[in-house]
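J.: Model the structure of this input:
(chains A and B)
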Amino acid sequence: MIIHTGGSTASGLKRTSLWFICIAAACLLFADLEIAGSDPWLELGRIGLGLLTPNFFATESLWQALFNTLAFALVGVVIANIFGFMLALVFHWPLVRYFCSATRAIHELFWALIFLQIFGLSTVTGILAIAIPYSGIFAKVYAEILEESDQRPQQALPPQRSLVSAFFYTRLPIALPHFKSYCLYRLECGIRSSAILGFIGLPTLGFHLDTAFKQGHYSQASALLYLFFILIATMKYWMRFKLAPIYLISAIYVLPAGGEFSWPLLLRFITEDIIPSPLRMSEEPLLAQLHTVTIWCWSLLSQQGVEGILNTLILSLIALVGSGLISLTMFPLVSRHFSNRPARGLGQAALVVFRSIPELILAFICTLILGPSMLPAILALSLHNGAIIGFLVGQYSNTLRLRDDACSGLNLYFYEVLPRIYPQFLAFLFYRWEVIMRETAILGILGIHTLGFYIDSAFEDLRFDRAIFLIMITAALNMLIDALSRRLRSRIHLGNFERMANC
Amino acid sequence: MYKPAIFELSNQRISHGNQTLLEVESLTIGQHEKVALIGRSGSGKSTLLRLLRSQAPKACAICPQHLGLVPSLSVFHNIYMGALHRHPSWFNLLNLIKPNPKIHKQIEALCAVLELDGKTSTSVDRLSGGQMQRTALGRALYQQADIFLGDEPVSSVDSHQAQRIIDIINEAHTTVVIALHDQQLAKSHFNRIIGLHQGRIVLDTTSDQVTEADINAIYQA
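T.: All right, here's what the predicted structure looks like:
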């Protein structure tokens, strides 16, 4: 007997999910999942021991690194806030929308690698690397908030009012609380970004973490990690909007001054270094130049691009499904339908830990244990993103009102809660896809052959033309995924607080 | 006729903050009684139903006012939820992925009775208000409990359908307590009427003795 279940919303969601699971399973066949570490258990034991015996006094200029991390984040986020807000006001112009989409499609670390060539290892590099992509994100989110906020007060105003006064009297006051809470959340992301900028040499926590881990000083590394957790976990106590000006002034004071900015260097970078190499000094006619460029692009694509794109897609799809599975297993830890208060406290702590560690650092630690393959990257991406989505889904489940005689245990999970949270869960997950994609590309820096690996190598060989070309490909791929995820989400249904998932 | 008491309340008081929601000095409901609860909105009907349920939670099938349906799941799965406790969890999970043919037949028959035929595999978020209410009733009926407690379970269906559904409920359960606003229905389909006003029982009589004036007093007090 065939039972038709075509008319239910659940079956549509099930179909979408099954497609993604099948695609991810197929990707697993092509993924490099080798455990390449020499002795994973030994390494794991040493890291575990390090976590139990943190040494807070081993790092020289630890406080400076801590303040730098905060200062880069703070200044970067404030600048991004200003530009993002202004761009949000004109976000309906398609050109602005594409521009913002392009800036946020490029990861902070790639921006940093670019500015490193112009400004060196300086404060400007760190701040711009955060401020530029974050402006794009702020613009998008602020525009969404303005669009979703209640329009009725504005419509009730006398028609002869000016646009400016209408904006400041109705739209801004309504949107402001949302701006504030999002801004605070973004600052947390900024601290994470700022920390990982240390991996390319800027003087933040990541720099010392990188060194300590590479030298096997795990007690020192764990102390840095703990410090990082404390910083993020206590944020809501010390980050007050009234204190922001004081923090900002201190940040500018703390940040190392200087840097070796020179016009000729900038000019050379823009007019020479990033121009495809066969074109420099070329005397050929235009048509021939076009031909040369095409050949240059094609050979770069076929040698590195295609493999990088494929690996990035494979890894990100597996990580997407992995994040989904992990969040669905973890959200009961913070849901009142499944856990009592003390258990929820513990669950929340576990999720906050995985959410606070940036993917790059988590992947870095996993790579130390498992060796460089896709396995540590999958693990790190799934854990980090799964924890974030799991936390949001858990919070959402707490708003559900179930009937008094609802069942318990597995029945409760599969019959009452899962079907109710599932559309929201998928919306969160697809919203997160773009972020997973960006992170997947950047994990190449750790030696996994995603696009980031080739970009990093090109920078190391000082072949900036190649690096920029590959970064542009990465950005295009990201914008493609962004568009795809938007279409998928509009098919499900849009929840209004899913933007909390986009860090 | 001797009727063993199913519910026995004495000196019960339920308050929320300073506000008293319900105050019952004494109330006994016996087996085979079909009770209609009447009273204005906020008079404590829902609170009384919750209190009754807490006395014998396992023997009661409930139909809450907010229905408690899972919007994305089909009518079949929502009705089946009444029977989750009768099957092991692994069976329930399998049935979620692929409906069991035998159970599907049973529920299809129940849907036909509730005039939900053809809607069995439609998800609840695609139904009308009345259809949703009948799905929630289906869940309660499929639970096959002895007692039925309903909080305005027929408020969104037409009066002809309401009478039929109350008949089905009365037939399927030994004890029935239903809160409702339809006075005619209360008189014709129940043998006892309890009236609430501001959290107190102000009327408790058999339905053949109740007068128009009694009922008006409750709604106009």
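J.: Residue in chain B with the shortest distance to chain A?
T.: Distance from chain A to each residue of chain B (CB to the nearest CB) is smallest for B:Gly68, at 2.8 Å. (Glycine included, C-beta is placed from N, CA and C.)
J.: That residue is in contact with B:Ala136, isn't it?
T.: Yes - with contacts counted by CB atoms under 8 Å, B:Gly68 reaches B:Ala136, the gap being 6.9 Å.
J.: The residue of chain B closest to chain A: neighbour count?
T.: Residues lying near B:Gly68 (other CB atoms under 10 Å in any protein chain shown) number 19.
J.: for the one 3 residues further on, same thing?
T.: The number of residues packed around B:Pro71, counting by other CB under 10 Å, is 16.
J.: contact partners of the lowest-mean-pLDDT helix or strand in chain B?
T.: In chain B, the helix or strand scored least confidently by mean pLDDT, DSSP states H and E is helix B:212-220, which has a mean of 83. Applying CB atoms under 8 Å, 6 or more residues apart in numbering or on different chains, the contact partners of helix B:212-220 are B:38-40, B:183, B:195-197, B:202-203, B:205.
J.: Apply 7 Å and report the result again.
T.: Here helix B:212-220 makes contact (CB atoms under 7 Å, 6 or more residues apart in numbering or on different chains) with B:38-40, B:183, B:195, B:197, B:202-203.
J.: Ok, stretch A:125-142 next?
T.: With CB under 7 Å, 6+ apart, stretch A:125-142 has contacts from A:72-73, A:75-77, A:79-81, A:83-85, A:87-88, A:91, A:100-101, A:103-104, A:106, A:108, A:111-112, A:115-116, A:119, A:179, A:182, A:186, A:190, A:193-194, A:197, A:202, A:499.
J.: Tell me how many other residues crowd residue 48.
T.: Let's take chain A. Counted with other CB under 10 Å, the neighbours of A:Gly48 add up to 12.
J.: my question was about chain B
T.: Neighbours of B:Leu48 using other CB under 10 Å come to 28.
J.: For it, give its distance to B:Lys34.
T.: 16 Å (CB to CB, to the nearest Å).
J.: swap in B:His189?
T.: In this view, B:His189 and B:Lys34 are 7 Å apart by CB to CB.
J.: joint contacts of the two?
T.: Shared contacts of B:His189 and B:Lys34, defined by CB under 7 Å, 6+ apart, comprise B:Asn170.
J.: Got the phi and psi for the residue of the stretch 1-150 of chain A at minimum distance from chain B?
T.: Ranked by CB to the nearest CB, the top residue of the stretch 1-150 of chain A for proximity to chain B is A:Ser8, at 3.5 Å. With angles defined as degrees, to the nearest 10, A:Ser8 sits at phi -110, psi 150.
J.: Which helix or which strand is home to the residue nearest to B:Val70 when sequence neighbours are not counted?
T.: Nearest residue to B:Val70 in three dimensions, chain neighbours excluded: A:Pro419, at 4.7 Å (CB to CB, 6 or more residues apart in numbering or on different chains). Using DSSP states H and E, A:Pro419 falls within helix A:418-442.
J.: what about B:Lys34, how many neighbours?
T.: Using other CB under 10 Å: B:Lys34 sits among 20 other residues.
J.: picking that back up, okay, now the residue nearest to B:Val70: neighbour count?
T.: A:Pro419 is flanked by 24 other residues according to other CB under 10 Å.
J.: Quick check: which ranges of chain B have low pLDDT?
T.: B:1-3, B:221 (pLDDT under 70).
J.: How about the residues of chain B by chain A?
T.: For chain B, the residues in contact with chain A (CB under 7 Å from any CB of the partner chain) are B:50, B:53, B:57, B:62, B:64, B:66, B:68, B:70, B:72-74, B:81, B:84-85, B:89, B:92-93, B:96, B:99, B:101, B:104, B:121-123, B:125-126.
J.: Okay, and which of those residues map to helices?
T.: Using DSSP state H to define helices, the subset of the residues of chain B next to chain A located there is B:50, B:53, B:89, B:92-93, B:96, B:101, B:104.
J.: Ignoring the adjacent residues along the chain, who's closest to A:His449?
T.: Nearest to A:His449 is A:Asn311, by CB to CB, 6+ apart, at 5.0 Å.
J.: Could you report the neighbour count for the one you found?
T.: That count, for A:Asn311 with other CB under 10 Å as the rule, works out to 26.
J.: Now it: which helix or strand?
T.: Short version, using DSSP H and E: A:Asn311 is in helix A:306-330.
J.: can you check B:Gly150 too?
T.: Using DSSP H and E, B:Gly150 falls in strand B:147-151.
J.: again, but for B:Phe7
T.: Counting by DSSP H and E, B:Phe7 is found in strand B:5-16.
J.: what angle do that strand and strand B:147-151 make?
T.: Orientation check (axes from the mean of the first three to the mean of the last three CA atoms, to 10 degrees): strand B:5-16 against strand B:147-151 gives 30 degrees.
J.: Make a ChimeraX selection of whichever of the residues of chain B next to chain A turn out to be buried.
T.: Buried residues within the residues of chain B next to chain A, by 16 or more other CB atoms under 10 Å in any protein chain shown, are selected in ChimeraX with:
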select /B:50,53,62,64,68,70,72,73,74,81,84,92,96,99,104,121,122,123,125,126
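J.: Which residue, other than its chain neighbours, is closest to the residue of chain B closest to chain A?
T.: According to CB to CB, 6+ apart, the nearest residue to B:Gly68 is A:Arg403 (2.8 Å).
J.: cool, A:Glu284 as well?
T.: In space, and not counting its chain neighbours, A:Glu284 is closest to A:Thr292: 6.9 Å by CB to CB, 6+ apart.
J.: distance of that neighbour from chain B?
T.: Remark: distance between A:Thr292 and chain B (CB to the nearest CB, to the nearest Å) = 56 Å.
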